[in-house]
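In: Predicted model, plus sequence, below.
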Amino acid sequence: PPPTGTRSGGAMDTKASNKGNVANRLWVGSACKALSMSPNERLMAVCGRDVFKIVSLSNDPGDLSSSSSSSFKEVQSLHQGRKQNLTFSSNDVHWHPLHANSDLLASAATNSTVVVWNLASKLHKHQQCLLQQHRRSVNRVRWHPSEPNLLLSASQDGTAMLWDIREK
């Protein structure tokens, strides 16, 4: 169940906590392992074992200042349906840092797969490609900051890999 003081369905609790001020809170329905902000800083990807969601950080995309009445709003769930394979169960997520590729995300799946997601695509539930060379759970993924087709991953199997997503 949602933490005390919040309501389910993505409603926000904007009350101050005793450990600092919480501007907004979103109940995503399951434990979160990682998050990543989009290059335009208006969206956030949140992932975990049973959750993979895209969340808007503001009702007014032009104003994300702390004085605005911004709130989180779920835009899309990539983890849908009753039976999902483990490519949706993620340890990490990273949004592509370049604005030209701002529809791309990478996730580190618990089934040893690196998944590249294209939010602009409707094919294969937004999965652009599955990279499957690790032998154990993938722990981290990071896009190269200046080479748009290169992606790094690190796995529980003790390996780090550099992927060129043009060579699926």
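Out: Happy to help now that I have it.
In: what lines up beside the helix or strand bottoming out on mean pLDDT in the chain in the sheet?
Out: Between all helices and strands in the chain, the lowest mean by mean pLDDT, DSSP states H and E belongs to strand 73-77, at a mean of 86. Sheet pairing of strand 73-77 (DSSP bridges) gives strand 52-56 (antiparallel).
In: What average pLDDT does the strand it pairs with get?
Out: What strand 52-56 shows for mean pLDDT is 91.
In: List every C-alpha atom in it, with coordinates, as CSV.
Out: This file holds the C-alpha atoms of strand 52-56, laid out as CSV (Å, rounded to 0.1, in the frame of the first residue of the first chain):
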residue,chain,number,x,y,z
PHE,A,52,9.0,0.8,-15.3
LYS,A,53,7.2,4.1,-15.7
ILE,A,54,7.7,7.4,-17.5
VAL,A,55,6.6,10.4,-15.3
SER,A,56,6.1,14.0,-16.1
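In: chain center to that strand, what's the gap?
Out: Put simply, strand 52-56 sits 7 Å off its chain's centre (CA atoms, centre = their mean, to the nearest Å).
In: okay but T159 is in contact with V138, surely?
Out: No - the pair T159 and V138 does not pass the contact test of CB atoms under 8 Å, sitting 9.8 Å apart. No exception for glycine: its C-beta is placed from N, CA and C like everyone else's.
In: Bridged to the most centrally placed residue in the chain, which residues?
Out: For the chain, A45 is the residue whose C-alpha lies nearest the centre (CA atoms, centre = their mean; 2.8 Å). For A45, the beta-bridge partners under DSSP bridges are S36, I54.
In: List the contacts of A160.
Out: By CB atoms under 8 Å, 6 or more residues apart in numbering, the contact list for A160 reads L152, S153, A154.
In: any idea which of those residues has the most stuff around it?
Out: Highest neighbour count within the contacts of A160, by other CB atoms under 10 Å: S153, with 24 neighbours.
In: How confident was the prediction at it?
Out: In this model, S153 carries a pLDDT of 98.
In: same question, N40
Out: Note for N40: predicted pLDDT of 89.
In: count of neighbours near it?
Out: Per other CB under 10 Å, the neighbour tally for N40 reads 12.
In: any idea how far the nearest residue in space to it that is not next to it in sequence is from V46?
Out: Excluding its sequence neighbours, the residue lying closest to N40 (CB to CB, 6 or more residues apart in numbering) is S102, at 6.4 Å. Look at S102 and V46: by CB to CB, to the nearest Å, they are 17 Å apart.
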